[in-house]
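Peer 1: quick one, fold the following:
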Amino acid sequence: MMQKTIHRTKDKNHARRLTAMLMLHRGDSVSHVARTLCCARSSVGRWINWFTLYGVEGLKSLPAGRGRRWPFEHISALLRELVKYSPGDFGYQRSRWSTELLAIKIRDITGCPLHSSTVRRWLPAAGLVWRRAAPTLRIRDPHKDEKLATINEALAQCSQDHPVFYEDEVDIHLNPKTGADWQLRGQQKRVITPGQNEKYYLAGALHSGTGRVSYVGGSSKSSWLFISLLQHLKATYRRAKTITLIVDNYIIHKSRKTLGWLKENPKFRVIYQPVYSPWVNHVERLWLALHETITRNHQCRSMWQLLKKVRHFMDTVSPFPGGKHGLTKV
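Peer 2: Just a heads-up that it's a prediction; the model follows:
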């Protein structure tokens with residue numbers, strides 16, 4: 001077992017100790033072992049004592065560095081509890097936690113005089129990360145549970161005869177959205193903007209079962225844009241008995257023109273998602289991919305160049321996700 005450990009271990013000091021024990025077991029003297037392994041006789045004697053007292057485990061190397069002075073597990077649990085609250089809940093004027101303030105609060109609770117740099121080192125090990133908070137309105141849809149139940153029921157019945165789509169609109173701006181990119185330290189990339197902004201709008205429907213994307217475009221975000229998408233779905237899925245769309249509460253989805261068209265086409269069923277709940281509509285992920293792939297930091301000088309790339313993206317992204325749109329060449 002010791003010979004196998006010597007072949008496997010990456011710790012050369014551990015291998016030297018094991019080799020010394022094997023040489024002594026073979027009958028070599030302490031002096032010969034010390035000369036062969038280039039160490040002092042006192043070191044060999046120390047290894048013999050460790051092996052006598054603790055066996056093979058006593059020959060393993062100790063972890064590098066100094067051991068933690070303070071109870072790490074308890075302080076990690078305390079950190080996870082503290083970040084659930086705001087510093088204002090404890091009487092401080094700060095709205096966000098800093099490492100200095102966390103160190104002060106831990107010292108007040110436990111008496112451990114931790115330095116802020118120690119707290120900063122321990123935060124990732126405690127499972128805590130520094131990230132942007134998500135703005136959330138306090139307004140809650142009183143019918144949220146009922147709407148979610150209706151959406152889940154429709155998704156469960158999705159089939160070839162009864163397809164269900166996530167639908168939403170997106171704005172395409174000629175002035176590029178700026179985003180992070182890899183660049184040399186101290187040098188910032190430049191994104192040329194046309195100056196005079198132009199807008200174009202897409203209405204897209206994402207099939208909840210297959211991921212197939214259907215879309216139409218227009219120069220205005222009106223009811224006719226939404227109706228054009230409905231007509232496109234009607235022509236594409238002619239054999240479907242019913243077509244269900246999950247939409248948000250934007251005015252074009254419930255305008256007089258839209259309701260009149262839906263009344264003339266009972267094949268369509270529109271389900272409105274809860275207010276202030278954009279994550280319910282999965283087509284938002286498609287628009288995020290569109291911006292990350294095409295519109296951020298784009299170099300197009302005219303709208304037709306940008307729309308050419310947008311249409312190529314929409315054609316290659318289906319089915320979504322999984323279409324490897326970020327690796328597709330133009």
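
Peer 1: dump the residue contacts of residue 320.
Peer 2: Taking C-beta atoms under 8 Å, 6 or more residues apart in numbering as the contact definition, residue 320 lies against 206, 211, 213, 285, 286, 289. Using the backbone N, CA and C atoms, a C-beta is placed for each residue, glycine as well.

Peer 1: tell me the pLDDT of the closest residue to the third one other than its chain neighbours.
Peer 2: Think residue 213. Distance criterion C-beta to C-beta, 6 or more residues apart in numbering; nearest residue to residue 213, sequence neighbours excluded, is residue 318 at 4.1 Å. We note a pLDDT of 87 for residue 318 in this prediction.

Peer 1: and for residue 66?
Peer 2: Each residue has a pLDDT score; the one for residue 66 is 62.

Peer 1: next: residue 70.
Peer 2: 68.

Peer 1: about what we covered before: my guess is the residue nearest to residue 213 meets residue 205, correct?
Peer 2: No: if you go by C-beta atoms under 8 Å, residue 318 and residue 205 don't touch, sitting 10.9 Å apart.

Peer 1: and those two? Which one has more around it.
Peer 2: Under the criterion of other C-beta atoms under 10 Å, the comparison of residue 318 against residue 205 puts residue 205 first, with 27 against 17.

Peer 1: the more buried one should be in a helix, yeah?
Peer 2: No: read with DSSP: H, G, I helix; E, B strand; the rest coil, residue 205 is strand and lies in no helix.

Peer 1: and the pLDDT at it?
Peer 2: On the pLDDT scale, residue 205 gets 97.

Peer 1: what number of residues lie near residue 251?
Peer 2: Here the count is done by other C-beta under 10 Å, and residue 251 has 10 residues near it.

Peer 1: same deal with the one 4 residues further on?
Peer 2: Residues near residue 255, counting by other C-beta under 10 Å, number 16.

Peer 1: now it. Nearest residue, chain neighbours left out?
Peer 2: residue 223 (4.5 Å).

Peer 1: from memory the one you found sits against residue 254, does it?
Peer 2: No: with contact defined as C-beta under 8 Å, residue 223 does not reach residue 254; the gap is 9.4 Å.

Peer 1: so for these two, which residue has more residues nearby?
Peer 2: A count of neighbours by other C-beta under 10 Å puts residue 223 above the other of residue 223 and residue 254, at 19 against 15.

Peer 1: the more buried one and residue 260: what is the separation?
Peer 2: According to C-beta to C-beta, to the nearest Å, residue 223 and residue 260 sit 10 Å apart.

Peer 1: where does the spatially closest residue to residue 192 that is not a sequence neighbour sit: helix, strand or coil?
Peer 2: Closest residue in space to residue 192, ignoring its immediate chain neighbours: residue 299 at 6.7 Å, by C-beta to C-beta, 6+ apart. With three-state DSSP as the basis, residue 299 sits in coil.

Peer 1: show me the contacts for residue 299.
Peer 2: 176, 191, 192.

Peer 1: ok, residue 113 next?
Peer 2: Applying C-beta under 8 Å, 6+ apart, one finds that residue 113 lies in contact with residue 107.

Peer 1: how close does the residue nearest to residue 213 get to residue 35?
Peer 2: 74 Å.

Peer 1: what does residue 255 give?
Peer 2: The value you get for residue 255 to residue 35, if C-beta to C-beta is used, is 94 Å.

Peer 1: ok, residue 71 next?
Peer 2: From residue 71 to residue 35 the distance is 46 Å (C-beta to C-beta).

Peer 1: what does residue 206 give?
Peer 2: From residue 206 across to residue 35, the span is 75 Å (C-beta to C-beta).

Peer 1: where does the stretch 1-150 of the chain have low pLDDT?
Peer 2: Within the stretch 1-150 of the chain, the stretches with pLDDT under 70 are 65-70.
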